[in-house]
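Colleague: The following block contains a protein sequence and its predicted model.
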Amino acid sequence: MLENVKAIYEEINHYTVASKEQLEQFRMRFISRKGVITELFEGLKTIPAADRRAVGQELNGLKNLAQERFDAFSQHVDDQQTSANSAPPVDLTLPTVPNLTGTQHPLTLVRQRIIQIFERIGFNVADGPEIESDWYNFGALNFPDNHPARDMQDTFFVDKKDNDPSGDMLLRTHTSNVQIRLMEHQKPPIRSIMPGRVYRNETISARAHCMFHQVEGIYIDRNVGFKDLKDTLYHFVKELFEPGTQIRFRPSYFPFTEPSAEIDISCQICGGKGCNICKQSGWVEIAGSGMVDPQVIANCGIDPDEYTGFAFGMGIERITQLKYVVNDLRLYTENDVRFLRQFEGL
Ligand code: PHE
């Protein structure tokens, strides 16, 4: 008898209940009148009178344990029920949430593509500061003090002295400062491109921004000629733009190159027929370029009689506009996902 009691103790102690059905099973087995404990109580009659009292006490303990466990289990099952009821109902007919992937910014895409094209023909990538002294942004590049060419680029000054530009600090207006820094610190051959952010004091509109991106390129070595400049940029345009794109060199002026040329390509939007983007001319400008002025080479401590070179510079926003028909510069910085998502997977 006592062994039976012990076994049932064990059973109750190990019992777990997770549902109403299991709770009912527990009740039937241990609590109900037809349960095992009632059965044991009935068996008391057969116990010798001397032991009856002790066994009876054991049985009472067992009965209490069963009741306690039952109360605890039913509380647990009730709690489960209420929390299941208070959760919002699951609507299995709802469409799934689309799994949105991030996109690369169009300017990043185009910058990477430009870098890739030039890296394949032996250019490496160089970097330089955005806060620059007057010397690197203007002086070394042959912009004499008070020369009107300085007005070509409206400058944000960080620190400006009256009448003596040499101490000025400014936000670089072009990436040409890296040209100078490279020539100062490296011996030719130098063959680098320099992507980076530049700043000009312009009112923000669809066509102008006070912050944009350029990629400058420079190649300095013995016997570098204008033909090398042309070959390199022809190759670049052929790689980057649609097949059949025309390219032309138009004489121009930059203080730091001589001769200088601007590079136009046939309009990617209208195919050269004339549209708003190309102002009906069929051509759009994509870059400035030229043979680095011997004085600029000398300014950096390189002998211009031994070395010559070319440089070019282009705006990444402009190229992206032509490649992806982006007609408002402000879209690049507004972070509108409807714009950015159009570049998914490119
Ligand atoms: N720095 C010039 C600009 O910002 C572009 C350029 C670079 C022109 C190199 C010639 C050579 O307009």
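Modeller: Yep, that arrived.

Colleague: which SSE is V296 in?
Modeller: Using DSSP states H and E, V296 falls within helix 294-299.

Colleague: Give the next helix or strand downstream of that helix.
Modeller: strand 308-315.

Colleague: Show me what that following strand is packed against.
Modeller: helix 176-185, strand 211-221, helix 226-240, strand 257-266, strand 283-292, helix 294-299 (3 or more Cβ pairs under 8 Å, 6 or more residues apart in numbering; DSSP states H and E). Backbone N, C-alpha and C define where each C-beta goes, glycine included.

Colleague: if we can go back for a sec, tell me which residues of the helix holding V296 are tucked away?
Modeller: Buried residues in helix 294-299, counting neighbours by 16 or more other Cβ atoms under 10 Å, are found at P294, V296, I297, N299.

Colleague: just for the chain, where's the confidence low?
Modeller: For the chain, the stretches flagged by pLDDT under 70 are 149, 151-153.

Colleague: where does the spatially most central residue of it land in three-state SS?
Modeller: For the chain, the residue sitting closest to the mean C-alpha position, by Cα atoms, centre = their mean, is Q104 at 6.1 Å. Recorded secondary structure, Q104: coil (DSSP: H, G, I helix; E, B strand; the rest coil).

Colleague: Neighbours of the closest residue to it other than its chain neighbours, how many?
Modeller: Of all residues not flanking Q104 in the chain, F343 sits nearest, at 6.5 Å (Cβ to Cβ, 6 or more residues apart in numbering). Residues within reach of F343, counting by other Cβ atoms under 10 Å, total 17.

Colleague: Quick one: residues contacting F343.
Modeller: T103, Q104, H105, P106, L109, Y324 (Cβ atoms under 8 Å, 6 or more residues apart in numbering).

Colleague: which parts of this protein sit against the ligand?
Modeller: Listed as neighbours of the ligand in the chain under the rule Cβ under 6 Å from any ligand atom: H174, S176, E216, F254, T257, G288, S289, G290, A311, F312, G313.

Colleague: what's the second one in contact with, if anything?
Modeller: If a contact means Cβ under 8 Å, 6+ apart, then S176 has N137, L141, E216, F256, A311, G313 as its contacts.

Colleague: For the residues of the chain next to the ligand, which single residue is the most surrounded?
Modeller: S176 leads those on contacts (other Cβ under 10 Å) with 29 neighbours.

Colleague: Without its sequence neighbours, what residue ends up closest to M183?
Modeller: C300 is the one closest to M183 (Cβ to Cβ, 6+ apart), at 3.5 Å.

Colleague: Now that neighbour. Its backbone dihedrals?
Modeller: Reported as degrees, to the nearest 10, the phi and psi values for C300 are phi -100, psi 10.

Colleague: The lengthiest helix in the chain: which residues count as buried?
Modeller: For the chain, the longest helix by residue count, based on DSSP state H, is helix 49-86. Residues of helix 49-86 classed as buried: V55, L59, L62, K63, L65, A66, R69, F70, F73, S74, V77 (neighbour count, 16+ other Cβ under 10 Å).

Colleague: now swap in stretch 333-343 and tell me
Modeller: F339, L340, F343.

Colleague: Quick one: distance of the helix or strand hosting the first one to the chain centre.
Modeller: This points to F339. In the assignment (DSSP H and E), F339 maps to helix 337-340. Chain-centre distance of helix 337-340: 13 Å, with Cα atoms, centre = their mean, to the nearest Å.

Colleague: Spit out the contact partners of the residue in the stretch 101-250 of the chain that the ligand sits nearest to.
Modeller: Nearest residue of the stretch 101-250 of the chain to the ligand (Cβ to the nearest ligand atom) works out as H174 at 3.4 Å. Going by Cβ under 8 Å, 6+ apart, H174 touches N137, Q153, V198, Q214, E216, G313.

Colleague: So M194 sits against E130, correct?
Modeller: No: M194 lies out of contact with E130 (Cβ atoms under 8 Å); the separation is 11.8 Å.

Colleague: Show me which of these two is the more surrounded one.
Modeller: Each of M194 and E130 has its neighbours counted (other Cβ under 10 Å); M194 has more, 24 against 15.

Colleague: Tell me who's in contact with the residue nearest to the more buried one when sequence neighbours are not counted.
Modeller: Closest residue in space to M194, ignoring its immediate chain neighbours: V178 at 3.9 Å, by Cβ to Cβ, 6+ apart. Applying Cβ under 8 Å, 6+ apart to V178 gives the contacts A126, D127, G128, S192, M194, G196, E216.
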